[in-house]
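Chemist: With the input below, show me the fold.
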Amino acid sequence: MSHAVEVMSLSEGVGRLVDAFSRNKTRFEIDYEQTLIFLALGNLNVGIGGTDLLTIQSVSVTSLSAMTSLPRETVRRKLLQLEGKQMVRRSGPGYILRDLETWTEFAKSLMR
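Modeler: The predicted structure is shown next:
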């Protein structure tokens, strides 16, 4: 693949990503840091159990901070905002997605 073709392909992919982030920002009324945290939370929440069933595990603010490279206090504050929007909920010492289907739809829109 030539450099020009590679750059054009990357540009198209980035354009789709920016468009999806903008649509989700409007639809869910969340900012980019909340979007990053929401996506990271779903990524860390979901695991595969021994029977090929999805398992959901609580994720700490510290783990989300490490994954997103955002300050711990920012993650904590943004999670409280996402909780207010009914997108996440507190579970034990951490947080989980409130609705896996919403996260799945959200993530799919970014991958198109």
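
Chemist: show me where this structure has helices.
Modeler: Ranges of helices in the chain, per DSSP state H, are 3-28, 32-45, 61-68, 72-84, 100-111.

Chemist: Just give me the residue closest to the centre of the chain.
Modeler: residue 39 (0.7 Å; Cα atoms, centre = their mean).

Chemist: so that residue touches residue 107, yeah?
Modeler: Yes. Between residue 39 and residue 107 there is a contact under Cβ atoms under 8 Å: 6.5 Å. Using the backbone N, CA and C atoms, a C-beta is placed for each residue, glycine as well.

Chemist: per-residue pLDDT, the residue nearest to the centre of the chain?
Modeler: Residue 39 is assigned a predicted lDDT (pLDDT) of 92.

Chemist: Quick check: the gap between it and residue 21.
Modeler: Per Cβ to Cβ, to the nearest Å, residue 39 is found 10 Å from residue 21.

Chemist: Equivalent analysis for residue 15, please.
Modeler: The gap separating residue 15 from residue 21 is 11 Å, by Cβ to Cβ.

Chemist: Same check on residue 109?
Modeler: Residue 109 is 9 Å from residue 21, by Cβ to Cβ.

Chemist: ok, now residue 37?
Modeler: Distance, residue 37 to residue 21, using Cβ to Cβ: 13 Å.

Chemist: Counting neighbours, go ahead and name the busier of those two.
Modeler: Per other Cβ atoms under 10 Å, whichever of residue 37 and residue 21 has more neighbours is residue 37, with 29 against 15.

Chemist: My guess is that one contacts residue 82. True?
Modeler: Yes. Using Cβ under 8 Å, residue 37 is in contact with residue 82, at 6.8 Å.
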